[in-house]
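1. Sequence and predicted structure are below.
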Amino acid sequence: MFKILCVTNRRLCKGDLLERIKALAACHVDGIILREKDLPEREYYELAKKAQKICVRAEMPLILHSFYQSARALGVKSIHFPLSILKEAGDLSGFSAIGASCHSLEDAREAEKLGCSYITAGHIFETDCKAGIAGRGTAFLSDICKSISLPVYAIGGITPENLCEVLSAKVTGICVMSGAMTSPDIEKYILSFREAI
C-alpha cells in the first residue's frame, strides 16, 4: 500500500513545530522524519524527546535524523541519514529501520550495500527547498526502483497533481515536507494525496 512520510522543517513551519507534528499524527500519515539536522545535538535531543511523546500517544512511527546516539538514548529504533553521515556512522545495531537520502543511482546502490532498509530518492521535481535546481525526474526514480531491492520513497516537489506520475515508477511511497509544514488545512492536504491515487 502507498505510504506517506512527512519530513519536518521548523524554518518552513507555520506555527509551532510540535503542534504541527500533532496535526500530522492525527492525519494517520505513515511516519514522521524529524529532520532538524542543523540543530546542535543537545537541542535536537530535547526536541526529539517531545516529538517522541506525541508520536507514541498517536501510535505514529517517528524516525530521527542523523543523531543516532540521541535515537539510541531515547529508544527510537528508526533513523535516517544523509549518505555521507551513514558512511561514517559505524555500528548501527539495534535499529530496526535505517534510511538514507540518495541523489543518484550510485548513492542508492551504496545505501543498499551499507545495510539500509529503505531510501529516499530525490529531488524529483523542482521545489522551493532546492530553488533553481532542476528536478531529476521520474525516469531517474524508475531507474532506482528497478536497480535496488529496497523500498524507495520519492521526495521533492511531489503534489497530488503529479502523484500518479511518481507512482508509475513503482515507489513504495512519498515524502512531503513543504506542504506538510505550511498547509493551513493539514488534514485536507494529506487526504488530497490519498484521493489522487
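-> Thanks, I have the structure now.
2. For the nearest residue to residue 117 once chain neighbours are set aside, what are phi and psi?
-> Closest residue to residue 117 apart from its sequence neighbours, by Cβ to Cβ, 6 or more residues apart in numbering: residue 97 at 4.9 Å. C-betas here are computed from N, CA, C, even on glycine. Main-chain torsions, residue 97, degrees, to the nearest 10: phi -140, psi 130.
3. Specify the beta-bridge partners of residue 97.
-> Going by DSSP bridges, residue 97 is paired in beta bridges with residue 78.
4. wait, it sits on residue 77?
-> Yes - using Cβ atoms under 8 Å, residue 97 is in contact with residue 77, at 6.7 Å.
5. follow-up on the earlier one: where's the residue nearest to residue 117 relative to residue 61, distance?
-> Going from residue 97 to residue 61 by Cβ to Cβ, to the nearest Å gives 8 Å.
6. per-residue pLDDT, residue 133?
-> Confidence at residue 133, expressed as pLDDT, is 80.
7. That should have said residue 193, apologies.
-> At residue 193, pLDDT is 97.
8. Does it touch residue 175 like I think?
-> No - taking contacts as Cβ under 8 Å, residue 193 lies outside contact range of residue 175: 11.4 Å.
9. quick one: the longest helix along the chain to chain centroid distance?
-> Looking across the chain with DSSP state H, the single longest helix is helix 41-58. Offset of helix 41-58 from its chain centre (Cα atoms, centre = their mean, to the nearest Å): 16 Å.
10. Can you spell out which helices and strands pack onto that helix?
-> Other helices and strands packing on helix 41-58, by 3 or more Cβ pairs under 8 Å, 6 or more residues apart in numbering; DSSP states H and E, are helix 17-26, strand 31-34, strand 62-65, helix 68-74.
11. one step back: anything in contact with each of residue 97 and residue 61?
-> residue 78 (Cβ atoms under 8 Å, 6 or more residues apart in numbering).
12. what's the burial count for the closest residue to residue 157 other than its chain neighbours?
-> Among residues not flanking residue 157 along the chain, residue 125 sits closest, at 3.0 Å (Cβ to Cβ, 6+ apart). Using other Cβ atoms under 10 Å, residue 125 has 20 other residues around it.
13. Much appreciated, bye for now.
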